[in-house]
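**Q** sharing a model prediction with you, sequence too.
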Amino acid sequence: TGVVPFVALLLLQRRPVAGRALLVTGSGCPSHGLCRSNVQEQTRRQVALLNATAQELFSLYLKCQGEPFSSESDKLCNPAGIFFPAFRVNRTSERKEVMVAMYKLFAFLNASLGNITRDQEELNPMAKELLERLHNTTKTTRGLISNLTCLLCKNYNIFQVDVRYGDSSKGKSAFKKKQQGCQVLRKYVQVIGQAARVLLPHLSPS
């Protein structure tokens, strides 16, 4: 494990590892230059968009994997055996705690989407709609991470967050790659709704 610079975190997510994600360089957070003026509203919209499109992404993923995933998704996509960041915050949690939990969740998701997209480009190169949705979800997630970074720095002077990533699917069989993808996306569908319910009230205009 080691320190993962924030730029590398955004650009090099195809090899997720356990480690520490360094949000910004230097001895502390920069001044407000890191943040857009509408960062809070933009963050709300990004979380809402991810929540609204998660189930469609999972359903399309299953359709493109073919059998037995289409007919045995409950069994094959059960996420009980995979690592996924614990999400123990709720609406009564402190805003700072919620923001840190969100960063860990979406940093993990961004890395996982990199794995899934790479595998689908290899296994289903003609599945244009699925690949487009994966790329769009990744783009939204990266924007969300950037905004969470800004909010953590601006409001709490937090520039370093421990992040654990899941296992890379590199070197696994085609079946295992498909299964790992559907397990992660199934869990994502379950968690993103909870995340939206918890985070959006904390981002409401004061």
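**A** Nice, I can see it.

**Q** who's in contact with residue 64?
**A** Counting by C-beta atoms under 8 Å, 6 or more residues apart in numbering, residue 64 makes contact with 120, 124, 127, 130. (Glycine included, C-beta is placed from N, CA and C.)

**Q** return the member of these nearest to residue 190.
**A** Distances from residue 190 to these, taken as C-beta to C-beta, are shortest for residue 130 (20.1 Å).

**Q** the closest one against residue 60, yeah?
**A** Yes - counting by C-beta atoms under 8 Å, residue 130 does reach residue 60; the two are 5.2 Å apart.

**Q** which positions in stretch 114-122 come out as buried?
**A** 114, 115, 116, 117, 118, 119, 120 (16 or more other C-beta atoms under 10 Å).

**Q** next secondary structure after the helix or strand harbouring residue 138?
**A** Counting by DSSP states H and E, the element that carries residue 138 is helix 128-156. Toward the C-terminus, helix 128-156 is succeeded by strand 160-163 as the next helix or strand (DSSP H and E).

**Q** now do the same end-to-end measure for stretch 65-85.
**A** 25 Å (C-alpha to C-alpha, to the nearest Å).

**Q** likewise for stretch 79-87?
**A** For stretch 79-87, the first and last residues are 15 Å from each other (C-alpha to C-alpha).

**Q** buried residues in that stretch?
**A** Neighbour-count burial for stretch 79-87, counted by 16+ other C-beta under 10 Å, picks out 79, 84, 85, 87.

**Q** any idea how far that stretch is from the chain center?
**A** 13 Å (C-alpha atoms, centre = their mean, to the nearest Å).

**Q** who's in contact with residue 192?
**A** 50, 51, 54.

**Q** and the residue nearest to residue 95 when sequence neighbours are not counted, how many neighbours?
**A** Take residue 95 and drop its neighbours on the chain: the residue closest to it by C-beta to C-beta, 6 or more residues apart in numbering is residue 202, 4.8 Å away. The number of residues packed near residue 202 is 20, by other C-beta atoms under 10 Å.

**Q** next one, pLDDT for residue 202 please.
**A** pLDDT, residue 202: 78.

**Q** OK, contacts around it?
**A** Counting by C-beta under 8 Å, 6+ apart, residue 202 makes contact with 95, 98, 99.

**Q** what is the neighbour count of the closest residue to the second one other than its chain neighbours?
**A** Setting aside the residues directly before and after it, residue 98 is nearest to residue 89 in space (C-beta to C-beta, 6+ apart), at 4.9 Å. Neighbouring residues of residue 89 were enumerated by other C-beta under 10 Å; the total is 21.

**Q** which strand or helix spans residue 89?
**A** Going by DSSP H and E, residue 89 is not part of any helix or strand.

**Q** give the contact list for it.
**A** Residue 89 sits next to 97, 98, 101, 198 when contact means C-beta under 8 Å, 6+ apart.
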